[in-house]
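J.: with the sequence up front, the predicted model follows.
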Amino acid sequence: MSMPRQIRDESDFDQLPHNIAVSATIADIEERKGFIDYYSFVVEVKTKGASKYLIYRRYRQFFSLHQNLNAKFDPARPGPNSCVLPSLPGKVFIGNKQEIAESRIPELNTYMKAMFDFRGNGKLELNLKRGEVIFLLRRVNADWLEGTVNNQTGIFPESFVKIIKPLPDSDSEAEGAHTYSCLRCYLLTPSGVDSRDVCVEEDITIQPTYKDLLSRMRNVFQLSDIALNYRDPEGDLIRVLDDKDIQLMIEEARGQQAKVNRPVNQFQWEVHVTMTSDLSVYNTEP
């Protein structure tokens, strides 16, 4: 893509939809005690329409992005697209995890101010926003990919995205790469249903313990007095109480696998979270 096509006039901003993200700032850190124990950065994203939402990113995701950008735009190799990237706080292997994460916030905020969203220019190019998950279809060439997001299919530059699950036989599938899997979960309350897609660095075949899954859902929905459930083939909620129930939940989901079309990196089982005291969600009729 030529430089003139990457640069947008100020007048173009007025034509953007109100839900387009225009800034991102790290507001806090959050401890994640799910399948793995780590701290993530809470990123507050503001849109053109003045609304806000939160996304969560680990330091290793910033580091991987920085490496990819350096390889693409390294100023040591002069060219029309070369540039000097802002500094990224280095890796720290020893110390208190919380203190390390907090100390990284100022530099990461400076780093993010230099990042920008990609806007497709033409019918073939895909419009991307920070935080969106794109399902890859094929590699167009060394620099461009084709994928689908929000029911739209198009091409986009690889340098603007973080590859979570590489294409089959992709050169980027290196030995020892991390496996990311997506878990769909729901919070059922009298006021409605809140659905989330939770990304974990475990293989899609893993069976978590009841204790770990309960802890993760408490973190996701920021509630403590909750119960875990799954839906049986008849659509009724079944409360999960121990590891055996987790195993049964997964086995029943596998039995329904052919009936539900899911992304290749999404768990076949889902978690339905309710308040512990709310028994009205269960079918108690004979």
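T.: Thanks, I have it.

J.: per-domain residue ranges of the chain.
T.: 3-116, 120-171, 181-275 (automatic domain parsing).

J.: which residues of the stretch 1-150 of the chain score low on pLDDT?
T.: The model of the stretch 1-150 of the chain has pLDDT under 70 over residues 1-16, 33-36, 73-86, 93, 113-125, 129-131, 141-143, 150.

J.: what about the strands in it?
T.: Ranges of strands in the stretch 1-150 of the chain, per DSSP state E, counting those that start in this stretch, are 21-33, 37-47, 52-57, 135-139, 144-149.

J.: can you list those strands in TSV and add distance to Lys162?
T.: Yep, even glycine has a C-beta here, placed from its N, CA and C like the rest. Listed next are the strands of the stretch 1-150 of the chain as TSV, based on distance: least, C-beta to C-beta, whole Å:
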stretch	distance to Lys162
strand 21-33	14
strand 37-47	14
strand 52-57	9
strand 135-139	12
strand 144-149	12
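
J.: which one of those lies nearest to Thr189?
T.: Closest approach to Thr189 among the strands of the stretch 1-150 of the chain is made by strand 52-57 (19.0 Å; C-beta to C-beta).

J.: coming back round to it: need the domains of the chain in JSON lines (columns: distance to Tyr282 and mean neighbour count).
T.: Shown next, in JSON lines, are the domains of the chain (distance: least, C-beta to C-beta, whole Å; neighbours: other C-beta atoms under 10 Å):
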{"stretch": "domain 3-116", "distance to Tyr282": "26", "mean neighbour count": "13"}
{"stretch": "domain 120-171", "distance to Tyr282": "32", "mean neighbour count": "15"}
{"stretch": "domain 181-275", "distance to Tyr282": "6", "mean neighbour count": "15"}
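
J.: now those domains in TSV, with distance to Asn283?
T.: TSV is the format used below for the domains of the chain (distance: least, C-beta to C-beta, whole Å):
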stretch	distance to Asn283
domain 3-116	29
domain 120-171	33
domain 181-275	4
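
J.: for Gly147, see how far away the closest residue to Gln268 other than its chain neighbours is.
T.: For Gln268, ignoring the flanking residues on the chain, the nearest one in space by C-beta to C-beta, 6 or more residues apart in numbering is Ala253 at 4.5 Å. Per C-beta to C-beta, to the nearest Å, Ala253 is found 26 Å from Gly147.

J.: what of Ile134?
T.: Distance from Ile134 to Gly147, by C-beta to C-beta: 4 Å.

J.: overlap of the contact sets of those two?
T.: 126, 156 (C-beta atoms under 8 Å, 6 or more residues apart in numbering).

J.: SS state for the spatially most central residue of the chain?
T.: Among the residues of the chain, the one closest to the centroid is Cys199, at 5.6 Å (C-alpha atoms, centre = their mean). Taking DSSP: H, G, I helix; E, B strand; the rest coil as the rule, one finds Cys199 in the strand state.

J.: just the one 5 residues further on next, same as before
T.: At Ile204 the chain is in coil, as set by three-state DSSP.

J.: wait, what's in contact with the residue lying closest to it once chain neighbours are set aside?
T.: The shortest distance from Ile204 to any residue other than its chain neighbours is 4.4 Å, reached at Ser181 (C-beta to C-beta, 6+ apart). The contact partners of Ser181, taken as C-beta under 8 Å, 6+ apart, are 199-200, 202-204, 206, 265-267.

J.: check Thr25 too.
T.: Shown in contact with Thr25 (C-beta under 8 Å, 6+ apart): 43-44, 46, 109, 112.
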